[in-house]
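Q: next come a sequence and a model predicted from it.
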Amino acid sequence: AITVGVGLFIRFMLPIPEGVSQQGWSILALFVATVLGIVTRPLPAPGVAFCSLAVGLMSKTLTFKEGVAAFTDEVLWLVVL
């Protein structure tokens, strides 16, 4: 619950800095929430990543191609596992 709260706080409560697009700010909030979820482990890391992907796709912050591109990187899975 804290990871979702932090992500929502960053996205909707903090002002977007000048020069940063709304999509960029949304991606930052999603990234911070994902990292916090991986650290606090409310789910295993792949579950947190999948939930973040789902939120990114449903909010139209990421396209499907952008979202699944990270899942094809072998180095990512070596680090996560």
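A: Everything's here; your move. Keep in mind that what you see is a predicted model, and the values were worked out from it rather than measured.
Q: going forward, measure contacts between C-alpha atoms and count neighbours the same way
A: Fine.
Q: read off the pLDDT value for the spatially most distant residue from the centre of the chain.
A: Distance from the C-alpha centroid of the chain, by C-alpha atoms, centre = their mean, peaks at Glu18 (21.5 Å). Turning to Glu18, the model gives it a pLDDT of 96.
Q: which residues touch it?
A: Under the criterion of C-alpha atoms under 8 Å, 6 or more residues apart in numbering, the contact list for Glu18 is empty.
Q: now it, what's its secondary structure?
A: Three-state call for Glu18 (DSSP: H, G, I helix; E, B strand; the rest coil): coil.
Q: how about the strands in this structure?
A: Using DSSP state E, the chain contains no strands.
Q: roughly how far apart are the nearest residue in space to Ala29 that is not next to it in sequence and Ala70?
A: What sits nearest to Ala29 in space, not counting adjacent residues and going by C-alpha to C-alpha, 6 or more residues apart in numbering, is Gly7, at 4.8 Å. Separation of Gly7 from Ala70 (C-alpha to C-alpha, to the nearest Å): 20 Å.
Q: residues near the residue nearest to Ala29, how many?
A: Gly7 sits with 21 neighbouring residues when counted by other C-alpha atoms under 10 Å.
Q: now Ser21: how far from Thr40?
A: 29 Å.
Q: hey, which helix is longest across this protein?
A: If you go by DSSP state H, the chain has its longest helix at helix 22-40.
Q: if you count contacts, what does that helix end up packed against?
A: For helix 22-40, the elements it packs on are helix 2-8, helix 45-58, judged by 3 or more C-alpha pairs under 8 Å, 6 or more residues apart in numbering; DSSP states H and E.
Q: now render those helices as TSV, adding mean pLDDT and distance to Val75.
A: Below are these laid out as TSV (pLDDT from 0 to 100; distance: least, C-alpha to C-alpha, whole Å):
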stretch	mean pLDDT	distance to Val75
helix 2-8	94	24
helix 45-58	90	14
